[in-house]
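# here is my input, please return the structure:
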Amino acid sequence: MPSADEAQPIAYRNAMKHHIPQIYGAIGGCHIPIVPSLDGYRDYINRKRWVSVILQAVVDDRGLFRNIFAGIPGSSHDGTVLKQSSLFNNPALLPQASKAIDGLDIPLMIVGDPAYPLLPWLIKAYNGPQLTPAQEAFNENLNSIRVSVEHSFGRLKGRCRVLNKRSDIHQSFMPTVIAACCVLHNMCEVVHHTEYVGLPPASDSQPPGQPCEDEFPAADAHSAHLVRNALLEHVQNALHLYIST
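Next comes the predicted model:
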């Protein structure tokens, strides 16, 4: 994960492009096909009815993997994967730097899809049957940041075809293979400046599951709602200023 000194320039670049400050990364999950052992086979069947393990990843605005967690059975909910990861269980990994916006201290955050919980360091879009125009505009800008993780998964699987279809690699070794592929992806993107050529593979993204806030502390959810509402107001004011000028 980036340090606070690294995360703040990333958040600044995201704010310049998408008008939402203090977001330095996007979190998401994708499914990696495997040949599972007979023990617990059903746990590995995902919502599309094929067998997989989940790769949870945080990427930055350049599409680089900054944190990964792989190997959880494919039937698991995104919130369950998050709760088992070091990202949730080791707060020292998270960069700490706040910015005062409209009288509220806004921490550095990552953005996730609706299946993730709303936490002080994890923001997601508003959901519900009747959203206000301001909420819809906020969601559009927020999702423009979040989509970077989907693009990274596509490029990862396009480069490392071993992750794109089921291989004979033993299930217990697949997390190591996944981690090595993520490192190679970062090397191609930055160290060797290798241009990605070719179409990404067919997406394995699935409709997000139901939100799972009930599994997380209510106090965290309350403070996270305050942060999101403050950012909504900030974005609305920024867009009005932009239109008027």
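# for stretch 104-120, what does the pLDDT average out to?
Per-residue pLDDT over stretch 104-120 has a mean of 92.
# first vs last residue of it, how far apart are they?
13 Å (Cα to Cα, to the nearest Å).
# ok, now stretch 14-27?
15 Å.
# could you pull out the helices for this structure?
Secondary structure of the chain (DSSP state H): helices located at 4-18, 78-84, 86-89, 133-159, 174-186, 218-244.
# between those helices, which gets nearest to residue 71?
Among the helices of the chain, helix 174-186 comes nearest to residue 71, with 3.9 Å by Cβ to Cβ. All C-beta spots, glycine's among them, are computed from the backbone N, C-alpha and C.
# now that closest one: how far from the chain's centre is it?
Taking the mean of its C-alpha atoms, helix 174-186 sits 17 Å from the chain's own mean (Cα atoms, centre = their mean, to the nearest Å).
# picking up where we left off before, including distance to residue 66, mean neighbour count and mean pLDDT, could the helices of the chain go into TSV?
Formatted as TSV, the helices of the chain follow (distance: least, Cβ to Cβ, whole Å; neighbours: other Cβ atoms under 10 Å; pLDDT from 0 to 100):
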stretch	distance to residue 66	mean neighbour count	mean pLDDT
helix 4-18	9	16	94
helix 78-84	15	20	93
helix 86-89	10	16	93
helix 133-159	10	19	92
helix 174-186	9	18	95
helix 218-244	21	15	74
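# out of the ones you listed, which is closest to residue 53?
Nearest to residue 53, of the helices of the chain and by Cβ to Cβ, is helix 174-186 at 6.0 Å.
# which residues are in contact with that closest one?
Outside helix 174-186, the residues within contact range by Cβ atoms under 8 Å, 6 or more residues apart in numbering are 32, 34, 53, 55, 57, 64-65, 68, 70-71, 152, 155-156, 159-160, 162-163, 169.
# re earlier: in a markdown table: the helices of the chain, plus distance to residue 118.
What follows is the helices of the chain, written out as a markdown table (distance: least, Cβ to Cβ, whole Å):
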| stretch | distance to residue 118 |
| --- | --- |
| helix 4-18 | 18 |
| helix 78-84 | 11 |
| helix 86-89 | 14 |
| helix 133-159 | 12 |
| helix 174-186 | 27 |
| helix 218-244 | 4 |
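# you'd agree residue 227 is up against residue 121?
No - using Cβ atoms under 8 Å, residue 227 is not in contact with residue 121; the gap is 9.5 Å.
# nearest to residue 42, out of the helices of the chain?
Go through the helices of the chain one by one with Cβ to Cβ and the one that ends up closest to residue 42 is helix 78-84, at 15.7 Å.
# can you spell out which helices and strands pack onto the longest strand seen in the chain?
As assigned by DSSP state E, the longest strand anywhere in the chain is strand 23-33. Where contact means 3 or more Cβ pairs under 8 Å, 6 or more residues apart in numbering; DSSP states H and E, strand 23-33 is packed against helix 4-18, strand 52-59, helix 78-84, strand 109-111, helix 133-159.
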